[in-house]
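Student: only geometry, no sequence info:
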């Protein structure tokens, strides 16, 4: 079922058929968290996620996706608003849509990673890890460069 949240001429929707994968890829490949990400990886990530597209008229101007089992865990990723539309509270609109989505309201834990938007996420109940020593990660920041070789 498609979920939508509208405000001031902007719409956040989970209607995956409206997503402009080329646009999402163009933004993500220049981001600090997914620099150089191949288009096929973006498409595969979108295919396997709950996606939130932000639209002004018929044009996509933002995005977020949630990787989730719809029960216990969710990971909020790839949140962005087009530079030309920033400063209008649209990041808040996207995060509000995510946190109020029926499938996510009762998920036990939603996590995310950010370098620069802590203040935004705190407004929606996110906080630093209570016990960071419990959490571990495995990552390869050069994976997209290696894949291109």
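Tutor: Okay, I see it. Remember, it's a predicted structure, so these values are computed and weren't measured experimentally. Residues are numbered from 1 along each chain as shown.
Student: Could you use CA atoms for every contact and neighbour count after this?
Tutor: Noted.
Student: So what's the gap between the helix or strand harbouring residue 97 and the chain middle?
Tutor: Here residue 97, judged by DSSP states H and E, is contained in helix 90-100. With CA atoms, centre = their mean, to the nearest Å as the basis, the distance from the averaged C-alpha position of helix 90-100 to the chain average is 10 Å.
Student: tell me the mean pLDDT over it?
Tutor: For helix 90-100, the mean pLDDT works out to 98.
Student: Ok, stretch 58-77 next?
Tutor: If you average the pLDDT values across stretch 58-77, you get 97.
Student: Name the residues that touch it?
Tutor: For stretch 58-77, the external contacting residues (CA atoms under 8 Å, 6 or more residues apart in numbering) are 19-20, 23-24, 46, 48-55, 78-82, 85, 94, 103-104, 106-113.
Student: buried residues in that stretch?
Tutor: 60-68, 70, 73-74, 76-77 (16 or more other CA atoms under 10 Å).
Student: one step back: from the contacts of stretch 58-77, list the buried ones, please.
Tutor: When those are checked for burial by 16+ other CA under 10 Å, the buried set is 19, 24, 46, 49-55, 78-82, 94, 104, 107, 110.
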